[in-house]
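> Predicted model, plus sequence, below.
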Amino acid sequence: MSAPSPIALDTEQQAARDWFESLRDRICAAFEAIEREAGSDAAFDYISWWREQEGAPVGPIDQGGGGGGVRGVMKGKVFEKVGVNVSTVGGAFSPEFARTIHGAGEDNPGFFATGISLVAHMTNPHVPAVHMNTRMLVTTKRWFGGGADLNPPIVYDEDRDDFHAAFKAACDAHESGDYPHFSKWADDYFYIPHRQVHRGVGGIFYDHLEGDFDDSFAFTRAVGEAFLDVFPKIVRRRMGIAWTPEEEAALLEWRGRYVEFNLVHDRGTLFGLKTGGNIDAILMSLPPRVTWS
């Protein structure tokens, strides 16, 4: 068998990949700085992985492989468990799964995807858990998607309002941004039908943003910058508050809703599993401790 031909990234794909990796580095540095402030020496461990899928050779995408990524995980004093995953993968969807993907189909199931995904589960019940991801995906179409949502066991109006204000400002500054639509989309998406509850206090969610590349990419970068600005501020505001055993018990039970959503309803989890992603990276969003009463 001849060696696979390299899958060269075009200028836009490379720019998106570089951005997601640089955002990862800055977020991890910001979270490690918070741990230092709390008297912890916790730091991210980084593990590289390569995508394994039938017909997609293992290895870097620009050397003919199916691509891969880096899984970063930190377990500290403030961040009980936080995972930051960056991946850049390519290949082909199964014909059945291709029918569910924007711009793909049985006749043209090829894809390219690059993005960042982050989930932080906090030790202190007064500090909200958070999820953020942004991505670029290419089939016969090219688009961005992503968003962020805040998941507090104990809701503080100030934290919720600041979080939403940060993403509203990001939306308002770009033609691609539509805060009322994206905020409602988050409320609708991050909902657990079998529990009839939202899993948090919302944020924004967007997908299939395939207009002007420069504006869509600029908006996606603004989403990342908004997260990096607002979430560390919220953490620092709450991380010194003492908590009770009852509040910790409520935190552990509340985390069960997060697990249920990610395993039953989350599109990103399904996408990773259906495209031969790294299992540990896909499931890094699961909390280290959880209870169901």
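Yep, that arrived. Numbers count the residues shown, from 1 in each chain.

> use CA for all of it now, contacts and neighbours both
OK.

> can you map out the helices along this protein?
In the chain, the helices defined using DSSP state H lie at 11-37, 95-98, 157-172, 179-189, 213-238, 245-264, 267-274, 279-282.

> would TSV of these with distance to S87, mean pLDDT and mean neighbour count be doable?
Listed next are the helices of the chain as TSV, based on distance: least, Cα to Cα, whole Å; pLDDT from 0 to 100; neighbours: other Cα atoms under 10 Å:
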stretch	distance to S87	mean pLDDT	mean neighbour count
helix 11-37	8	97	17
helix 95-98	20	75	16
helix 157-172	24	98	18
helix 179-189	23	96	18
helix 213-238	16	98	19
helix 245-264	19	92	17
helix 267-274	10	72	15
helix 279-282	9	77	17
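
> now those helices in JSON lines, with distance to V119?
Formatted as JSON lines, those follow (distance: least, Cα to Cα, whole Å):
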{"stretch": "helix 11-37", "distance to V119": "12"}
{"stretch": "helix 95-98", "distance to V119": "25"}
{"stretch": "helix 157-172", "distance to V119": "16"}
{"stretch": "helix 179-189", "distance to V119": "16"}
{"stretch": "helix 213-238", "distance to V119": "12"}
{"stretch": "helix 245-264", "distance to V119": "11"}
{"stretch": "helix 267-274", "distance to V119": "12"}
{"stretch": "helix 279-282", "distance to V119": "11"}
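
> Can you check which of the ones you listed gets nearest to P125?
P125 sits nearest to helix 245-264 of all the helices of the chain, at 5.7 Å, using Cα to Cα.

> which helices and strands sit right next to that closest one?
On a contact count with 3 or more Cα pairs under 8 Å, 6 or more residues apart in numbering; DSSP states H and E, helix 245-264 meets strand 191-192.

> Ends of stretch 185-203, what's the gap?
Start and end residues of stretch 185-203 are separated by 9 Å (Cα to Cα, to the nearest Å).

> May I see the buried residues of it?
Neighbour-count burial for stretch 185-203 flags 185-187, 189-192, 198-203 (criterion: 16 or more other Cα atoms under 10 Å).

> Which of the residues you listed sits closest to V264?
Nearest to V264 among the buried residues of stretch 185-203, counting by Cα to Cα, is I192 at 9.0 Å.

> what sits against that closest one?
Going by Cα atoms under 8 Å, 6 or more residues apart in numbering, I192 touches H198, R199, R257, E260, F261, H265.

> Recalculate using a threshold of 6 Å.
H198 (Cα atoms under 6 Å, 6 or more residues apart in numbering).

> I'd like the numbering to begin with 13 instead of 1 from here.
Right, with 13 as the first residue, what we last looked at is I204.

> returning to what we had before: which members of the buried residues of stretch 197-215 are the farthest-apart pair?
Greatest spatial distance in the buried residues of stretch 197-215: I204 and G215, 15.7 Å, computed using Cα to Cα.

> Quick check, pLDDT for G288.
Note on G288: pLDDT of 63.

> I figured F56 hits V85, correct?
Yes - using Cα atoms under 6 Å, F56 is in contact with V85, at 5.2 Å.

> Looking at these two, which has the bigger crowd around it?
V85 (22 against 18; other Cα atoms under 10 Å).

> Does that one have any beta-bridge partners, and if so which?
In this entry, V85 is beta-bridged to D57, G95, by DSSP bridges.

> what sits against it?
By Cα under 6 Å, 6+ apart, the contact set of V85 is F56, D57, V94, G95.

> ok, back up a step: in TSV: the buried residues of stretch 197-215, plus distance to M148.
Formatted as TSV, the buried residues of stretch 197-215 follow (distance: Cα to Cα, whole Å):
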residue	distance to M148
W197	19
A198	18
D199	22
Y201	19
F202	20
Y203	24
I204	26
H210	26
R211	25
G212	25
V213	25
G214	22
G215	20
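
> ok, so of these, who is nearest A234?
G215 (14.1 Å).

> wait, doesn't that closest one sit right on G158?
No - contact criterion Cα under 6 Å: G215 and G158 do not qualify, at 10.9 Å.

> Against W62, how distant is G88?
For G88 relative to W62 (Cα to Cα), the value is 27 Å.

> re earlier: which one of the contacts of V85 is nearest T23?
Comparing the contacts of V85 against T23 with Cα to Cα places G95 closest, at 28.1 Å.

> who touches the closest one in this structure?
Per Cα under 6 Å, 6+ apart, neighbours of G95: G84, V85, L130, V131, M296.

> do the same with V131
V94, G95, V142, H143, S297.

> Only the buried subset of those, as a PyMOL command please.
PyMOL command restricting the contacts of V131 to the buried ones, with burial defined by 16+ other Cα under 10 Å:
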select buried, resi 94+95+142+143+297
